[in-house]
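Participant: sequence first, then the predicted structure, then my questions.
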Amino acid sequence: MATRYDPQTAEQKWRDAWDQAELFKAKSPKEAGDAPKAYVLEMFPYPSGRLHMGHVRNYAMGDVVARHRRANGYNVLHPMGWDAFGMPAENAAMEKKVHPGKWTYQNIAAMKAQFAKLGLSLDWSREFATCDPEYYGAQQALFLKMLAKGLVYRKASKVNWDPVDNTVLANEQVIDGRGWRSGALVEQRELTQWFFRITQYAEDLLEEVQKLERWPEKVRTMQANWIGRSEGLQMRFEWDSAAPAGFDDGIEIFTTRPDTLFGASFIALSPDHPLTIQLARDSNHLQLFRAKCAQVGTSEEAIEKAEKLGFDTGLTVKHPFVDGKTLPVWVANFVLMGYGTGAIFGCPAHDQRDIDFARKFDLDVTPVVLPPDGDATSFTVKNEAYTGPGSIFNSDFLNGLSIVDAKRTAIERIEAMGLGAGTVNYRLRDWGVSRQRYWGCPIPVIHCDSCGVVPVPLDQLPVRLPEDVTFDQPGNPLDRHPTWKHVDCPACGKPARRETDTLDTFADSSWYYARFASATDMEERAYWLPVDQYVGGVEHAVLHLLYARFFARAMRDVGELDLPSGEPFAGLFTQGMVTHETYKSASGQWLEPSAVTQDGDTWIETATGGIVTPGPIEKMSKSKKNTVDPDAIIAQFGADVARWFVLSDSPPERDVEWTQSGVEGAARFAQRLWSVFDALADTAKAEPGTDADSLAVRKASHKAVAGIDKAIEEFRFNSAVASIHEWVTALKKAEAAGEAVTGARLEGASMLARCLTPFMPHLAETCWERIGGEGFVSAAPWPVVDKALTEDDSVTMAVQINGKRRGEITVPKGEANDIVEAAAHALPEVISFIEGKSVKKTIVVPGRIVNIVVA
RNA sequence: GCGGGCGUGGCGGAAUUGGUAGACGCAAGGGACUUAAAAUCCCUCGGCCGUAUGGUCAUGCCGGUUCGAGUCCGGCCGCCCGCACCA
């Protein structure tokens, strides 16, 4: 009598059993012996308190890899923890009057319970949260080591300041010039901030990222662009007019086009350039101009692009190569202080921004690059700069040179004149990490009026966050805490103050992978790192992954990590999002999927019967209400079905659309899978037969395993799922073939259970048990493929005439070409087709195709 | 503007990387079983012509290379992502 599979009882049972057996605990290097190691890591979650489908997909993928590696004999480390510092906890504290720590640990407990239901093969013995004092204490020690090594420093810098929340905002937290939370106009403020010296590794970070072959090309490109290396010349223009105080040597500029120096017609300073600021002190006009520049927001690129603003300072500088030639010094809104030196020379003929500026303010335009087909006497530039290839002209000693040669020659000349040198510039800037927040890692230094910045002695770490804090007013609770910041200077003993800024939470996630490997043991860290397979969202392509690469280098250089390459993640996979159709009610409100019903081609609101408009398919989000709660899905269908569904249809790197019918299909398939094993439950053990039917079944099984194996290795889980579907169909068909194939079916079922384990581990265990498998299938080795069974002795080849398929022949594998050719020519459809025509040649591609070419 | 990616049935997507296009799934339609439903099973399912064997068109569009192109090359069109006045 056929039975049905009940996920609710089975899933709980197996999870308990796995826990008891400590099945997923990583072995120490010693215990592992000769087994190769595999460190499989998914980006750890922020403990929001609710699991969402994006988590399910992310962790299901990592689990497939981890379980597959384990079955293939690897010593697997697959840990989990919590990225637990951050603003949501402080927001909750303000809104719900609950301490951020309490709120966070409650969320962790709730989320861990949800995680448990997914049946992930995680080693929870290494769990930590970044807000654990042990973790952030270790991070503080690391910070101090980096400080001693010069990798951390303090400097004054401009920041986005929210005047209502009294805090610094990250660039991405500023939306249309306003704070994302308070809605207040963000101010630019000069504050002394802590910085990580990430630019020290700019060259290395750029070079090494190109070598990470198991990273997506897209991410590597994004990182390279972010680092933004450019080669050029940094030089100074000496004064023609009297030098302003403090700028005696001239103006430093950076250019990537020293070949166009003879086309220079002006110098432009950033509105934030120190000289601009100095000049503005004595000039109301310039002050007003600077204010006007500041008004143009950081967003709305289109508006920003439209208008070039300029202010003539009246100062002039000398052209380095042309005696007596001078250039006016302007202030221009399009020159950025944050790149290069904050000053440029303008060559309007060959730079679009410069030509826009020159035309507006009526400045000289002298072309110096002649296009390959251009005529030196007639070539002019109107309103469009020429940025293409060509040779240099109108340029004295550079005339006739290629752009490349002219760049080199110009740099050499400037260097000889002592005015500058060829340099490399990076877009990447040092990482500002000071945050005026409570719920983050305290920066472990003390400010003393006598001694300056004094590190907190190591034996006093961790610098703990105080518990008794209030969130009833804006600003940093650490700063207004009555006692916390008042301490004696560790150096001189006089009263001093703690640093009240905390670290950017990106710091916490920049080294957690090393902590998972071992809290303290450098050898264990060296054993596990780098992470063999990292899995996470592409939204972290730049920031998190760049910061983590920086930290790995910094840890290496302060002796915290034995990792010569400095690369923490050898393999990276970025998975797509989970999307869902959106629904809007007649009154324009977003509706949850559970609140609507499909009625033929139309949708109605279940409660009211109102007409519902289905909207675009978008990433699941609370604001659009197009979310599906994993808990509800697990309660209805089981975790295996949820896992199966998010891996089944779409390629892992692309988005997957969650649909009700799709998940129902997955549930149907789970029952179908079960029936394969259920039908074999009471069958006596039997060896596979050698008859044709048995052989066909065995071939289906062995081919399927080979395909699934390859698909998993290549991160094509959807293909693995398709293979399993086909395999199951073959095994179901074989049920009708009688006693003779029972042995082959049993062999297939045993292999199938093991292949199923990475995807539907609970169902796989139940199936394994049903056919009398030994121990846990989660601990069973991957099935061994008999190569002989994956190859057929005969092959069907298409027969084409002039590239069009006209028939097919089946020939023994490896048959000689002339025999294959003869067989093709003997086909009735071929004979009738080529009758009366002359055969020019016949192409035989062994094992694939025969193509007969006729006139 | 710069950089990267992608266009295949009603839908998500396969296609051993130049060799039988549409695997597998979803949806749809038809049928079996059933008093009925659920569940399950079977069949059909790119367009056009044809009762059918079959023919023909077809992988965004145009062209090229090749015995052979979804795949390679050139040019368009469209969509997505990242960066964006980076000198």
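Facilitator: In hand now; what should we look at?

Participant: any idea how far the residue in the stretch 551-700 of chain A positioned nearest to RNA strand B is from A:Asp649?
Facilitator: Here the stretch 551-700 of chain A gets closest to RNA strand B at one residue, A:Gly665, 3.0 Å apart by CB to the nearest atom of the strand. Every C-beta, even on glycine, is put in place using the N, C-alpha and C of the backbone. Using CB to CB, to the nearest Å, one gets 9 Å for the distance from A:Gly665 to A:Asp649.

Participant: contacts for stretch A:30-40 next, please.
Facilitator: Identification of contacts with stretch A:30-40 by CB atoms under 8 Å, 6 or more residues apart in numbering yields A:27, A:29, A:62, A:65-66, A:69-70, A:73-78, A:513, A:517, A:527-533, A:535.

Participant: tell me the contacts of A:Ala89?
Facilitator: Contacts of A:Ala89 by CB under 8 Å, 6+ apart are A:Pro100, A:Gly101, A:Trp103, A:Thr104, A:Trp439.

Participant: got the contact list for the residue nearest to it when sequence neighbours are not counted?
Facilitator: The spatially closest residue to A:Ala89, leaving aside those adjacent along the chain, is A:Pro100, at 3.6 Å (CB to CB, 6 or more residues apart in numbering). Contact partners of A:Pro100, counting by CB under 8 Å, 6+ apart, are A:Ala89, A:Glu90, A:Ala92, A:Ala93, A:Tyr438, A:Trp439.

Participant: the closest residue to A:Trp590 other than its chain neighbours in helix, strand or coil?
Facilitator: Take A:Trp590 and drop its neighbours on the chain: the residue closest to it by CB to CB, 6+ apart is A:Lys625, 4.2 Å away. Put simply, A:Lys625 is coil when judged by DSSP: H, G, I helix; E, B strand; the rest coil.

Participant: count the residues that sit near A:Lys625.
Facilitator: 18 (other CB atoms under 10 Å).

Participant: do the same with the one 10 residues further on
Facilitator: A:Ala635 has 13 neighbouring residues, counting by other CB under 10 Å.

Participant: pull the contacting residues for it.
Facilitator: A:Gln8.

Participant: so how far is A:Thr9 from it?
Facilitator: In terms of CB to CB, A:Ala635 sits 13 Å off from A:Thr9.

Participant: before we move on, what about A:Asp640?
Facilitator: 13 Å.

Participant: does RNA strand B sit close to the longest helix along chain A?
Facilitator: In terms of residue count, the longest helix belonging to chain A (DSSP state H) is helix A:692-713. No: on the criterion CB under 7 Å from any atom of the strand, helix A:692-713 is out of touch with RNA strand B, staying 8.0 Å away.

Participant: likewise stretch A:825-833?
Facilitator: Yes: applying CB under 7 Å from any atom of the strand, one finds stretch A:825-833 touching RNA strand B at A:Glu829.

Participant: average pLDDT for that stretch, rounded please.
Facilitator: In this model, stretch A:825-833 carries a mean pLDDT of 84.

Participant: one more: stretch A:341-359?
Facilitator: 92.

Participant: run a quick neighbour tally on A:Glu735.
Facilitator: Counted with other CB under 10 Å, A:Glu735 comes out at 14.

Participant: out of the contacts of stretch A:30-40, which are inside helices?
Facilitator: A:Pro29, A:Gly62, A:Val65, A:Ala66, A:Arg69, A:Arg70, A:Tyr513, A:Ala517, A:Tyr527, A:Trp528.

Participant: quick check: the fourth one touching A:Asp123?
Facilitator: No: in this structure, A:Ala66 is not within contact of A:Asp123 by CB atoms under 8 Å, at 9.4 Å.

Participant: the two: which is more packed in?
Facilitator: Between A:Ala66 and A:Asp123, counted using other CB under 10 Å, the more crowded position is A:Ala66 (28 against 18).

Participant: ok, that one to A:Asp504 distance?
Facilitator: Relative to A:Asp504, and taking CB to CB, A:Ala66 is found at 30 Å.

Participant: contact partners for A:His447?
Facilitator: A:Val453, A:Val454, A:Ala496, A:Arg497, A:Arg498, A:Glu499.

Participant: so which of those residues would you say is closest to A:Ala681?
Facilitator: Distances from A:Ala681 to those, taken as CB to CB, are shortest for A:Glu499 (66.6 Å).

Participant: next up, the contacts around that closest one.
Facilitator: With CB under 8 Å, 6+ apart, A:Glu499 has these contacts: A:Pro442, A:Ile443, A:Pro444, A:Val445, A:Ile446, A:His447.

Participant: switch the cut-off to 6 Å
Facilitator: Shown in contact with A:Glu499 (CB atoms under 6 Å, 6 or more residues apart in numbering): A:Ile443, A:Val445.

Participant: surely A:Thr192 is in a helix?
Facilitator: No: with three-state DSSP as the criterion, A:Thr192 is assigned strand and is not in a helix.

Participant: name the nearest residue to it, sequence neighbours excluded.
Facilitator: A:Ala156 (5.1 Å).

Participant: look up how far A:Arg189 lies from the one you found.
Facilitator: 10 Å.

Participant: which of the two has more neighbours?
Facilitator: Neighbours were counted for A:Ala156 and for A:Arg189 using other CB under 10 Å; A:Arg189 has more, 13 against 9.

Participant: pretty sure that one contacts A:Trp161?
Facilitator: Yes: contact criterion CB atoms under 6 Å: A:Arg189 and A:Trp161 qualify, at 3.9 Å.

Participant: within range of RNA strand B, give me the residues from the stretch 301-450 of chain A.
Facilitator: So the stretch 301-450 of chain A meets RNA strand B at A:301, A:304-305, A:307-308, A:333-340, A:342, A:344, A:351, A:353, A:425, A:427 (CB under 7 Å from any atom of the strand).

Participant: list buried residues within those residues.
Facilitator: Neighbour counting with 16 or more other CB atoms under 10 Å marks A:Lys308, A:Asn333, A:Phe334, A:Val335, A:Met337, A:Tyr339, A:Gly340, A:Gly342, A:Ile344, A:Asp351, A:Arg353, A:Asn425 as buried within those.

Participant: secondary structure added to the residues you listed, as a markdown table?
Facilitator: Below are these laid out as a markdown table (three-state DSSP):
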| residue | secondary structure |
| --- | --- |
| A:Lys308 | coil |
| A:Asn333 | coil |
| A:Phe334 | coil |
| A:Val335 | coil |
| A:Met337 | coil |
| A:Tyr339 | coil |
| A:Gly340 | coil |
| A:Gly342 | coil |
| A:Ile344 | strand |
| A:Asp351 | coil |
| A:Arg353 | helix |
| A:Asn425 | strand |
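
Participant: separation between A:Ala116 and A:Asp631?
Facilitator: In terms of CB to CB, A:Ala116 sits 12 Å off from A:Asp631.

Participant: where does chain A have low pLDDT?
Facilitator: Counting by pLDDT under 70, chain A has low-confidence residues at A:1, A:170-178, A:180-181, A:295-306, A:599-601.

Participant: list the contacts for A:Pro812?
Facilitator: Contacts of A:Pro812 (CB under 6 Å, 6+ apart): A:Ser794.

Participant: got phi/psi on it?
Facilitator: Note on A:Pro812: backbone dihedrals following degrees, to the nearest 10 are phi -60, psi 150.

Participant: what of A:Ile446?
Facilitator: For A:Ile446, the backbone dihedrals are phi -130, psi 140 (criterion: degrees, to the nearest 10).
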